[in-house]
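In: Mind looking at a prediction? Sequence and model below.
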Amino acid sequence: MTKHAAYPSEDVVAVVAAPVPVSRHFTSFPPLKDAPLDCKKHVVVDLSASRDAIMGGSWFESMKASSPRHADDAEHHGDWMEKHPSALAQFEALLAAAKGKQIVLFLDYDGTLSPIVEDPDRAVMSEEMREAVRRVAEHFPTAIVSGRCRDKVFNFVKLTELYYAGSHGMDIQGPANHHLQANAEVVHYQAGTEFLPVIEEVFGTLTAKMEAIAGAKEWNAVNEEVRSVLKDYPNLKLTHGRKVLEIRPSIKWDKGKALEFLLKSLGYAGRNDVFPIYIGDDRTDEDAFKMLRNMGQGIGILVSRLPKETAASYSLSDPTEVKEFLCKLEKSAKEDAPDLASSGCT
Ligand SMILES: O=P(O)(O)OC[C@H]1O[C@H](O[C@H]2O[C@H](CO)[C@@H](O)[C@H](O)[C@H]2O)[C@H](O)[C@@H](O)[C@@H]1O
């Protein structure tokens, strides 16, 4: 579950990220069309009006730092692109590195498959992107790895044949008997379920407290309130995303661990004939990029127009380039499997 404690409009959101209760979510996949109540946003804050007031504030600096850092100025762009070349420009080299290996694809959602927009509920992916993901998943095991709760991200992507790792990888589910190797199991896993009671408690407390905060000009109040509540919960930690405060269990589980778990579940643990590709745009995706570096396998691709500190090896500038990359990947795979229908990608 990723619970959003929220306010009148949409600039900053306080979120509680944790796995969903096992009983409900392991019994139905794909989830129902409408996200369940605890996956919905309950409270949202519009803090844009107070932006000037907090620009120098430590929270703002911390929020800014939650995205990978920008290099000091544009002249470093060329250097950065040398270190993190375009995955499109280097597509042939990338394919050569993957030759003879099983590609497994991991895709972040926000900022990768859908453009970043003001309202998180309107971060829809285009039909063209959905089609590109659907087609590439015909060839390669494909997982969506998101900070959003699993139901919510499924309701955006709507492809039942994929694996979904929601709540920053804490809540993983895949389709049965799809892409599984002989030694693989059906994928379903939830990390940190023991935190569910305390997460429920904090969610209730924060929801009640947020009702007393008017919104727009009070985002420091939101931050202080969240921090103050968390003082009583040493087993929970506060992290920042883009305009998002997130409360998570203090467990060593992240998108990198989710990637490792999925590879193992798919039967690829300890094999050198697998080539994972992870595409993401946010700081939370860095854990997955680092995991790939540590494993010495596959590649990470950062989605960014600007130079940023990253453990990814390659880059793509935006979701449009991600779509192009997926299309190229699918086209090249199709050359090895000509019986499959041809791609609609241009
Ligand atoms: O791991 P991701 O799939 O990238 O999800 C990360 C967060 O995405 C959402 O927030 C971000 O995207 C919103 C829509 O474009 C944007 O309005 C917001 O400012 C971004 O932080 C989602 O709302 C969060 O719960 C996810 O953690």
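Out: Okay, I see it. All of these numbers come straight from a predicted model, not from anything done at the bench.

In: and the nearest residue to E286 once chain neighbours are set aside, how many neighbours does it have?
Out: Among residues not flanking E286 along the chain, A311 sits closest, at 5.6 Å (Cβ to Cβ, 6 or more residues apart in numbering). Glycine gets a C-beta too; all of them are placed from N, C-alpha and C. A311 is flanked by 19 other residues according to other Cβ atoms under 10 Å.

In: where does whatever residue of the stretch 1-150 of the chain ends up closest to the ligand land in three-state SS?
Out: Nearest residue of the stretch 1-150 of the chain to the ligand: G147, at 2.6 Å (Cβ to the nearest ligand atom). Assigned by DSSP: H, G, I helix; E, B strand; the rest coil, the conformation of G147 is coil.

In: since we're on the residue nearest to it when sequence neighbours are not counted, how many residues are nearby?
Out: The shortest distance from G147 to any non-neighbouring residue, by Cβ to Cβ, 6+ apart, is to H168 (5.1 Å). By other Cβ under 10 Å, 27 other residues sit near H168.

In: what residues are up against H168?
Out: A17, S146, G147, R248, W253, D254, K255, A258, T284 (Cβ atoms under 8 Å, 6 or more residues apart in numbering).

In: one more time with 7 Å
Out: H168 makes contacts with A17, G147, R248, D254, K255, T284, as judged by Cβ atoms under 7 Å, 6 or more residues apart in numbering.

In: gap between it and E330?
Out: When distance is defined by Cβ to Cβ, to the nearest Å, H168 is 28 Å away from E330.

In: The helix ranked longest in the chain and the ligand, any residue contact?
Out: Assignment by DSSP state H gives helix 319-336 as the longest helix of the chain. No: residues of helix 319-336 contacting the ligand under Cβ under 6 Å from any ligand atom: none, with a closest distance of 10.5 Å.

In: For stretch 319-328, the averaged confidence score.
Out: The average pLDDT for stretch 319-328 rounds to 98.

In: Quick one: distance of it to the chain centre.
Out: Centre-to-centre, stretch 319-328 and its host chain are 17 Å apart (Cα atoms, centre = their mean, to the nearest Å).

In: Pull out the buried residues from that stretch.
Out: P319, E321, V322, K323, E324, F325, L326, C327, K328 (16 or more other Cβ atoms under 10 Å).

In: quick one: contacts for the last one?
Out: K328 makes contact with F91, according to Cβ under 7 Å, 6+ apart.

In: picking up where we left off before, so how far is the longest helix of the chain from its chain's centroid?
Out: With Cα atoms, centre = their mean, you get 20 Å for helix 319-336.

In: How about stretch 270-286?
Out: Averaging C-alpha positions (Cα atoms, centre = their mean) puts stretch 270-286 12 Å from its chain's average.

In: List of residues touching it?
Out: 66-68, 98, 100-108, 111-112, 147, 168, 241, 254-255, 259, 263, 268, 288-289, 292, 297-304, 310-311, 322.
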